[in-house]
Structures are given as structure tokens and as C-alpha cells.
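Asker: need a structure here:
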Amino acid sequence: MKKRIIVLGCTGSIGRNALEVVRAYPERLEVVGLSAHTRDRELLAAAREFGVERLALTGKRGGGVPYEGEEGLLHLIEETEADIVVNGIAGTRGLLPSLKALETGKDLALANKESLVVAGELLLETATRNGRHILPVDSEHAAIFSLLRNVPPDAVKALYLTASGGALRDIPLSRLEEITPEEALRHPTWEMGPKITIDSATLANKGLEVIEAAVLFGVPPESVRVVIHPQSVVHGLILLRDGSWHAQMSTPDMRLPIQQALFHPEVPPQAPAPLLLEEGLDLSFRPVDGRRYPMLGLAYQALASQGKRIAFNAANEEAVRAFLERRISFPRIAEVVESVLAREWPSPRGGISPILALDAEVRRVTEGILKERSDHAS
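Answerer: Residues are numbered from 1 along each chain as shown. Next up is the predicted model:
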């Protein structure tokens, strides 16, 4: 029997790779629902190829699809019989679809790390209540998830996430002030959307992943560590209490963690692009430079409470948008987030509505700070 899949954000990087996996295993996997934000032509082309009728377009009206808007997407998830939802939506917009997938009895293949950062406890509780799984699609968390299945929990001393360092890892610190969005968007390894590529350059992306790992795997923040690994071949490591290391290595190909999630609990039949050690392989690791990447330190500060996590995520999204719109310079992203985090942000109580209300308030405050800085700059 085929596993039935809904792919959210099917025209983005995660979504396109998910469809590649389905193409490779048509006898095992079936797409039953698709969504996109504004790329209606790509959405309709995918629908024709995979024979999908249940389609949602969230950021554009009149695209000739059955479900429109954010509310329409939630109806698609609720009304479509499926086994698993691949959430490749970028940013906090992916939170409600993540929750709806679990509420309606579907497993969640999660690339939208913001969902766990902002509402991880709620998602985990919902998954447990409905007997569903949250399966990480980030290459680092997929690696840790796989490694932890093979060792007793009390044997683990630390989890290590690797970071490529982003597009600006070798740029002199003195030049960061003049970096343009175009330069920051040239990622050396991965092809991703603009927001996550900027997050990679600031290491906010790795900060979000540190929070995600602490929440998803239920470990203390200090036991989640980050190292720069330019080759992007080792995706995650665990250090055991006896001093030994376990590492997960593969070619940097997003199809691998996606197919691991789609085939869970089985092991996929083959790798999309196997890593061949016989061809030679050089691996290097180095510590994170806090001067170059202040956003990582801010992420660890945000782990103090759910309110701080929500503030970190929302402030970063707004600051990155301002940088892409050329309203602030690259170093100002971290400065804006630091200003927002310095305020008191109480943790919300009582489900999803207070979480969304706090998120909106953080964005309002952040926009005020951005306007002040833009006015001063002009």
C-alpha cells in the first residue's frame, strides 16, 4: 500500500526535493495534496504530473485551485486523507499547518523549524495525544534523530550540529557593513529560499536549530553544540559519555533526510547520491566565531523561555526582511534582534491563540525599532 503524502510549499526547495523523492519511488509513495504560496503555474504543473486534485494557494487569489488563503490550506489538510504531511513552508506561517496535520491524525515531516521554536511543547503534546510522529527534515536533526535511535539516552553527553558558515564565512569582518543582499544569498552548498539563506549567513538558522534540537530531543540547551564544517558532509554528531563519537555522513542532498522521513520507520532502499569515500574526502571542523555570528549566542539566550524563543524568531524574520528590502545593513540584523530580546516577553499560556498574539506583538515592536534605525540611517 502506498504512503499518501501532502506536500506544503511544493514549489520551494523542500517541496521540489520531496517531489523528486516521490518520482524515485512511485510504487511506494503517492501525492494526494499540494500547496504553494504564489507560484500557481508551478503548482498546477505539479498537480498535472502527479494527478493531484486537492490544491491550495495561500498568497494569491484566483489561481484556479479548490483551496485559497491560509484558512483554505488548513481545510485542505483537514479534508484530505493522508498518512504524512511534508511541511516545507518558510517562517512562522508554517506553524498552524503543522498543528493541523497532527490534530487530524497525520505524521509530520517537518522542515519548518519555526514551528518547534515557537510552539514545540504544544506540537509534541498534540503528536503524543494523537499517536503521531514529528519527523525532522532538516539534515542536521534528521542525522541526530537517526543516531539517537542506536544508543541509550543516558549514554549521550552532547549533540553536535554542523554549520557550513554560510555565504559570508570567509568575508573579512570589516566588510560585513557593506554586504549586499545579493552577496549574502550566494550560499556555498545548499540551494534554499532567501530568508533561510540569510539566516545561514548570520547563523540564525543554526540558532533556530539549536532551539529545535533542545525542544525536539528533550535535552538541556548546554548539551546542544555547534561547529563550523565547511564541507557539509557530516550533518550531525553525538558525543557519548565514554568519549566516543557517532557521526552521520552523506552527500549534501536534501532528498536524503526527506526520504528518511517519508519511509520512517523503514530505511529507504537506496541513497539518491551516495557518498563514496574511495574517491577521497577531506573533513574539517572549527569553532564558531562569536564576533562573526552573534545571532548564535542570542539563540542560546532565547532558550531561557518560550516567550524569548518566540521573540527571537519573530524579530529575526522582520529584521531579515528589512535587510532584503535594503532598509538596514547586514550587521544590524543581530543588533535589532538583541534589542528585542532585551525586553521582557512572558511565555504564553493556553494554546495557540496566545502564541500568535505574542508573535504579532513582537513583530510590532520590532518594526518600531527598525523604523527608528532606518530614520537614523537616513
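
Asker: Unless I misread the structure, A82 falls within a helix.
Answerer: No: with the criterion set as DSSP: H, G, I helix; E, B strand; the rest coil, the secondary structure at A82 is coil rather than a helix.

Asker: Is it in contact with I6, as I believe?
Answerer: Yes: when contacts are counted by Cβ atoms under 8 Å, A82 is listed as touching I6 (4.8 Å). (Each C-beta comes from the backbone N, C-alpha and C, glycine too.)

Asker: Could you look up the SS state of G243?
Answerer: What three-state DSSP gives for G243 is coil.

Asker: May I have the predicted confidence score for it?
Answerer: Predicted confidence (pLDDT) at G243: the value is 97.

Asker: Can I get stretch 320-330 in CSV? Just the C-alpha atoms.
Answerer: Extracted in CSV, the C-alpha atoms of stretch 320-330 (Å, rounded to 0.1, in the frame of the first residue of the first chain):
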residue,chain,number,x,y,z
VAL,A,320,15.9,39.7,7.7
ARG,A,321,13.0,41.1,5.7
ALA,A,322,14.3,44.6,6.3
PHE,A,323,17.8,43.7,5.2
LEU,A,324,16.5,42.1,2.0
GLU,A,325,14.5,45.3,1.4
ARG,A,326,17.8,47.3,1.9
ARG,A,327,16.3,49.1,4.9
ILE,A,328,19.2,48.0,7.2
SER,A,329,22.7,46.8,6.8
PHE,A,330,23.7,43.2,7.4
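
Asker: roughly how far out does it sit from the chain middle?
Answerer: Distance, stretch centre to chain centre, for stretch 320-330: 21 Å (Cα atoms, centre = their mean, to the nearest Å).

Asker: quick one: D253 is in a strand?
Answerer: No: counting by three-state DSSP, D253 is located in no strand; its state is coil.

Asker: Look up phi and psi at it.
Answerer: Recorded main-chain torsions at D253 are phi -140, psi 120, according to degrees, to the nearest 10.

Asker: Pretty sure H141 sits in a helix.
Answerer: Yes: secondary structure assignment places H141 in a helix (three-state DSSP).

Asker: Wait, it touches E212, no?
Answerer: Yes: the criterion here is Cβ under 8 Å, and H141 meets it with E212 at 6.3 Å.

Asker: From A357, how far off is G350?
Answerer: Using Cβ to Cβ, to the nearest Å, one gets 10 Å for the distance from G350 to A357.

Asker: Mind checking which of the two has more residues around it?
Answerer: Taking G350 and A357 together and counting by other Cβ atoms under 10 Å, A357 has the greater number of neighbours (11 against 7).

Asker: what's the distance between that one and P348?
Answerer: Counting by Cβ to Cβ, the gap from A357 to P348 is 7 Å.

Asker: same check, this time on I196
Answerer: 25 Å.

Asker: Over to R4?
Answerer: 34 Å.

Asker: can you give me the strands in this protein?
Answerer: For the chain, the strands defined by DSSP state E cover 3-8, 29-36, 55-57, 67-68, 84-87, 107-110, 134-136, 156-163, 224-228, 234-240, 245-249.

Asker: What is the fifth one packed up against?
Answerer: Packed against strand 84-87, as judged by 3 or more Cβ pairs under 8 Å, 6 or more residues apart in numbering; DSSP states H and E, are the following elements: strand 3-8, helix 13-24, helix 95-103, strand 107-110, helix 255-263.

Asker: So which of these is nearest R321?
Answerer: helix 95-103 (17.4 Å; Cβ to Cβ).

Asker: Against which helices or strands is the closest one packed?
Answerer: helix 69-79, strand 84-87, strand 107-110, helix 113-129, helix 352-377.

Asker: same thing but at 10 Å, please
Answerer: Secondary structure elements in contact with helix 95-103, counted by 3 or more Cβ pairs under 10 Å, 6 or more residues apart in numbering; DSSP states H and E, are strand 3-8, helix 69-79, strand 84-87, strand 107-110, helix 113-129, strand 134-136, helix 352-377.

Asker: export the ones you listed to a markdown table and tack on mean pLDDT and distance to N17?
Answerer: Listed next are these as a markdown table, based on pLDDT from 0 to 100; distance: least, Cβ to Cβ, whole Å:
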| stretch | mean pLDDT | distance to N17 |
| --- | --- | --- |
| strand 3-8 | 98 | 10 |
| helix 69-79 | 97 | 20 |
| strand 84-87 | 98 | 9 |
| strand 107-110 | 98 | 11 |
| helix 113-129 | 95 | 16 |
| strand 134-136 | 97 | 15 |
| helix 352-377 | 89 | 28 |
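
Asker: Please tabulate these in TSV, including the columns distance to D282.
Answerer: Converted to TSV, the helices and strands packed on helix 95-103 look like this (distance: least, Cβ to Cβ, whole Å):
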stretch	distance to D282
strand 3-8	36
helix 69-79	44
strand 84-87	33
strand 107-110	32
helix 113-129	29
strand 134-136	28
helix 352-377	41
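
Asker: hang on, the earlier thing: for the helices and strands packed on strand 84-87, give me JSON lines that also has mean neighbour count and distance to P272.
Answerer: As requested, the helices and strands packed on strand 84-87 are arranged in JSON lines below (neighbours: other Cβ atoms under 10 Å; distance: least, Cβ to Cβ, whole Å):
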{"stretch": "strand 3-8", "mean neighbour count": "25", "distance to P272": "17"}
{"stretch": "helix 13-24", "mean neighbour count": "21", "distance to P272": "7"}
{"stretch": "helix 95-103", "mean neighbour count": "24", "distance to P272": "25"}
{"stretch": "strand 107-110", "mean neighbour count": "27", "distance to P272": "16"}
{"stretch": "helix 255-263", "mean neighbour count": "24", "distance to P272": "4"}
